[in-house]
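**Q** structure here, sequence nowhere to be found:
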């Protein structure tokens, strides 16, 4: 059982509430605001995803030490290590798209040229019969 009077536990609970609030705001945000939110979340160096990844990595190191001393089962360490590796991999995959999202988040000056209709990208869905 956690001691909710500890400042660190209170901080973790407050951050979880704020992330929930951010998720709800993202769901309702207009596109120009949503891309700004996503740019901040996905920036692997300064954003939420990178910080969460580092937090899970720190948890994995904690679990390693305590599993070596028999306090935690080794499965906890392995699960946290796997989660940290997966988050790092996802962050790497998303990094190639974060620049595009950041570009969309930048305000652009209105153009005097007429805008063309957006072109949908081709997506192919294959179904087995």
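**A** Cool, the structure landed. All values reported here derive from a predicted model rather than from experimental measurement.
**Q** and the helices in the protein?
**A** Counting by DSSP state H, one finds helices in the chain at the ranges 7-28, 31-42, 48-68, 74-105.
**Q** can you lay out these as TSV showing mean neighbour count?
**A** Heads up, the C-betas are built off the backbone N, CA and C, glycines and all. Putting the helices of the chain into TSV (neighbours: other Cβ atoms under 10 Å) gives the following:
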stretch	mean neighbour count
helix 7-28	11
helix 31-42	16
helix 48-68	16
helix 74-105	15
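**Q** got those as CSV, with mean pLDDT columns?
**A** Conversion of those to CSV gives the following (pLDDT from 0 to 100):
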stretch, mean pLDDT
helix 7-28, 97
helix 31-42, 93
helix 48-68, 96
helix 74-105, 92
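**Q** check the spacing between the residue nearest the centre of the chain and residue 7 real quick.
**A** Ranked by distance to the mean C-alpha position of the chain (Cα atoms, centre = their mean), the top residue is residue 49 at 3.3 Å. With distances defined as Cβ to Cβ, to the nearest Å, the gap from residue 49 to residue 7 amounts to 25 Å.
**Q** again with residue 55
**A** 16 Å.
**Q** what's the pLDDT at residue 3?
**A** The model reports residue 3 with a pLDDT of 74.
**Q** state the number of residues packed around it.
**A** 8 (other Cβ atoms under 10 Å).
**Q** does it really touch residue 13, like I thought?
**A** No: taking contacts as Cβ atoms under 8 Å, residue 3 lies outside contact range of residue 13: 11.7 Å.
**Q** perfect, that will be all.
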